[in-house]
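Q: Everything below, folded, please.
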Amino acid sequence: MSELKFATRLNSFASGAHLYWPDLQGKPSVLQMIDRAGKVKGLTHLDLNFPQHLTSDIATLRQAIADAGLAVNGMQMRWDAPQFKIGAFTHPDAKVRREAIELTKRGIDTGREFGSKLMTLWMGQDGFDYCFQADYKKIWEDAVSAVREVADYAPDVDVSIEYKPNEPRAYSIFPNATTCLLAVEEAGCPNLGITLDFAHVLFANEIPAYAAAMVARRSRLLGLDLNDGWGKRDDGLMVGSVNPRATLEFLWQMQRDGYSGAYYFDTFPDASGLDPIREAESNIATVIRLLKLCEQLDDNAALQAAIDCQDAVASQQIVNDIMLAR
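A: Predicted coordinates for the structure are as follows:
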């Protein structure tokens, strides 16, 4: 198994803050969360939310990340300012759309200063809530045009669309793999691809391995957000905690398709006050074990034969022998 990159959500390290910092008044700072993330055994990278995590000058943040023994995997774009509430790339006001595009370009430039060549676009504000609220063709064109402009701005940087069916909008402009693939095709930029968030895929009523296969067929899998959930919302549970078999198939599929990026944990220990260090270490250990199981699936003639003839009984027995072996 080649050297692996494990990245995580920085905001997770605000979980249980009063236990880790007994004298803390209010929320931990970005620098404090970076320091705490550095205590996770096996963690190699962080993703930074732009612009929310840029609370100190870049040199200070860069030094803090290095002191923690970590590097920056990518930048995650966040349009949380009030003017973007009803849309960033799809806002009805052209001036607000322009502001969102220029802010995203600055995020890419900032990422370069951290040595990152990945910008992830989760366009949560872009969508609609009511019938007769939006001109669907127009907001689609606005979204695709904005993504195209951002990608064209930085041909040396991978720009990745992360989809989600809804939340905070009732319906997202890019709710599933199919619409993302259509957007990528229409944008026509070679540095554009897709990030698959496992819980979002479940939420979209998709099969994770199938979504990965379709992305590999028509685009590029640029980002991998690992977590788990019950499929009714974005639960952000620990990797493999609900759907271990689907997680195994997902990892096997993306490995077969040549994924070489970071294994990023978009999990929410803060939702129930878990120790984020232990939670991240558990995620890392789970992925390592599942990747070792993937090695047993590779070049498995019996499994391939069962898949070739769609013999579900045989394939489940083979996977059971691998997953449930004593």
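Q: which residues are in contact with stretch 315-326?
A: Residues outside stretch 315-326 that contact it (Cβ atoms under 8 Å, 6 or more residues apart in numbering) are 244-245, 248, 293, 296-297, 300, 302-303, 306-307. To be clear about C-beta, it is placed using only N, CA and C from the backbone, and glycine gets the same treatment.
Q: what does stretch 145-154 give?
A: Residues from elsewhere that reach stretch 145-154, judged by Cβ under 8 Å, 6+ apart: 89, 97, 100-101, 104-105, 108, 119, 121, 159, 161, 183, 187-189, 191-192.
Q: make it 7 Å
A: Outside of stretch 145-154, the residues within contact range by Cβ atoms under 7 Å, 6 or more residues apart in numbering are 89, 97, 101, 104-105, 108, 121, 159, 161, 183, 187, 189, 191-192.
Q: And for stretch 192-205?
A: Stretch 192-205 is contacted from outside by 120, 147, 151, 158-165, 175-176, 180, 184, 208, 211-212, 215, 219-229, 231, 233-236, 247, 250, 266, using Cβ under 7 Å, 6+ apart.
Q: redo that, cut-off 6 Å
A: For stretch 192-205, contacts defined as Cβ atoms under 6 Å, 6 or more residues apart in numbering pick out 120, 151, 159-162, 164-165, 176, 180, 184, 208, 211, 215, 219-220, 222-223, 225-227, 229, 231, 234-235, 266.
Q: Among those, which lie within helices?
A: Using DSSP state H, the members of the contacts of stretch 192-205 that fall in helices are 151, 180, 184, 208, 211, 215.
Q: Now, of these, which are buried?
A: By neighbour count, with 16 or more other Cβ atoms under 10 Å, these hold 151, 180, 184, 208, 211, 215 as buried.
Q: ok, so of the residues you listed, who is nearest Asp67?
A: Within these, proximity to Asp67 (Cβ to Cβ) peaks at Ala151, which comes in at 33.2 Å.
Q: Give me the nearest residue to the closest one, chain neighbours excluded.
A: With Cβ to Cβ, 6 or more residues apart in numbering as the measure, Cys189 is the residue that lies nearest to Ala151, at 3.8 Å, once sequence neighbours are left out.
Q: element containing the one you found?
A: For Cys189, there is no helix or strand it lies in under DSSP states H and E.
Q: And it, what's its pLDDT?
A: Looking at Cys189, its pLDDT reads 98.
Q: that older thread, farthest pair in the contacts of stretch 145-154?
A: Based on Cβ to Cβ, the longest span within these runs between Arg97 and Asn191 and measures 21.3 Å.
Q: Which one's more surrounded, the two?
A: Legend: neighbour count by other Cβ atoms under 10 Å for Arg97 and Asn191, higher for Arg97 (21 against 18).
Q: Contacts only, for that one.
A: Arg97 touches His91, counting by Cβ under 6 Å, 6+ apart.
Q: Could I get the full set of strands for this protein?
A: Assigned strands in the chain, in chain order: 6-9, 45-50, 71-77, 118-122, 127-128, 158-162, 171-172, 192-197, 221-226, 263-265 (criterion: DSSP state E).
Q: need those in a markdown table with mean pLDDT, can you?
A: Below are those laid out as a markdown table (pLDDT from 0 to 100):
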| stretch | mean pLDDT |
| --- | --- |
| strand 6-9 | 97 |
| strand 45-50 | 98 |
| strand 71-77 | 98 |
| strand 118-122 | 98 |
| strand 127-128 | 98 |
| strand 158-162 | 98 |
| strand 171-172 | 98 |
| strand 192-197 | 98 |
| strand 221-226 | 98 |
| strand 263-265 | 98 |
